[in-house]
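Peer 1: What follows is a predicted protein model with its sequence.
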Amino acid sequence: MTGRLRQVFRPGKPEGKQPAAPQGAAPYSGFAGAKRLIESKFEIQDMKHALVTGGSRGIGRAVSLRLAKEGYCVSINYLSNKAAAEETLALVEEEGGSGELWPFDVSDPEQAAAFFGSWKEKHADAHVEVLVHNAGIRKDNLLMWMQRQEWDQVLDTNLRSFFNVVQPLLVPMMAGKFGRIVSIASLSGLKGMPGQANYSAAKGGLIAATKALAQEVARKGVTVNAVAPGFISTDMTADLDEKELKKLIPAGRFGRAEEVADLVAFLISEKASYITGEVISINGGLYT
Ligand code: NAI
């Protein structure tokens, strides 16, 4: 177990993953079930916490699963797809991890503030040490045809949300002298893509905010980075012509959400303590 992982579990707790309830058994029935329920409540109280915005599916789901494997209790945020979010949580628990579902709209400052209030009520002695700000949407159109709503919604969800979910975490992270913030940006935010003036502007802004904030909090052990995926196979890219587009990608294929999650897992690890203010591309060599 690495130093960071050792810290994930507080001293006195056995290292490694706790055994999951046996498959097929009702997890909390009977005496053994009640014991397991009490143990699981203590485990959650005793764990380090991560928040993944847009964690119900795609890249956010893969990141949630990966962080749970790293020993974090993962607060999985999503907008409206409860069934997908429940599936993510079930997958986390199947692997012996812990998580919670927190539906709210990241673009709405009041909903975000209410979330942080409720979260703190539930976890009075804890704070979120890792934030992966992944929630995002695209509404592509040439700017000359773009509706104001398409511009605003994409800016609100991808960029303005950064303030809503990052700002409340900074003081506790700095006080705890440890924090990891990773934003899922995009190749589109680095090079600009035609038909995506709204999305490129939002992701470009996210990258700039990441770089600025990194310099504000570096001395307090908080790192702030962005990951810039190219084409990753998820619901978001399901409407694209993968057969044609992959001809443009030097690696000859779309990426997988799990590959993005592996990169995020490295950035939140102790080994990445000296990486901050960076934008790491993961695009199969597409960016030239
Ligand atoms: P997806 O469409 O499969 O999942 C998006 C997630 O964001 C969902 O969980 C959804 O509930 C959540 N979400 C959307 N609006 C929200 C809101 N207002 N409040 C809370 N949650 C909200 O998308 P995918 O592909 O997994 O994308 C994840 C991130 O990666 C996004 O930020 C996207 O822009 C970015 N990205 C994706 C690429 C791809 O090729 N799939 C490429 C580059 C970046």
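Peer 2: Arrived safely, thanks for sending.

Peer 1: In the stretch 101-250 of the chain, what residue comes closest to the ligand?
Peer 2: Using Cβ to the nearest ligand atom, the single residue of the stretch 101-250 of the chain nearest to the ligand is Gly136, 2.2 Å away. Placement of C-beta: from N, CA and C, glycine included.

Peer 1: wouldn't that residue be in contact with Thr157 here?
Peer 2: Yes - with contact defined as Cβ atoms under 8 Å, Gly136 counts as touching Thr157 (6.3 Å).

Peer 1: Overlap in contacts, those two.
Peer 2: Residues touching both Gly136 and Thr157 by Cβ atoms under 8 Å, 6 or more residues apart in numbering: Ala202.

Peer 1: which residues does Ser161 contact?
Peer 2: Ser161 sits next to Thr53, Val106, Ser107, Ala112, His133, Ala135 when contact means Cβ under 8 Å, 6+ apart.

Peer 1: Closest one of these to Ala212?
Peer 2: Lowest distance from Ala212 to the contacts of Ser161 (Cβ to Cβ) belongs to His133, with 14.8 Å.

Peer 1: Please name the residues that touch the closest one.
Peer 2: Thr53, Val106, Ser161, Phe162, Val165, Val166, Ile181, Val182, Ser183, Ile184, Leu206.

Peer 1: Leaving out sequence neighbours, find the closest residue to it.
Peer 2: Ser183 (4.6 Å; Cβ to Cβ, 6 or more residues apart in numbering).

Peer 1: what is the mean pLDDT for whichever strand in the chain runs longest?
Peer 2: What stands out as the longest strand in the chain, according to DSSP state E, is strand 222-229. Across strand 222-229, the average pLDDT comes to 98.

Peer 1: That one - contacts with which helices or strands?
Peer 2: helix 161-175, strand 179-184, helix 187-191, helix 197-217, helix 257-267, strand 279-282 (3 or more Cβ pairs under 8 Å, 6 or more residues apart in numbering; DSSP states H and E).

Peer 1: Could you say which of these is packed most deeply?
Peer 2: Counting by mean count of other Cβ atoms under 10 Å, strand 179-184 has the highest mean neighbour count of those, with a mean of 26.
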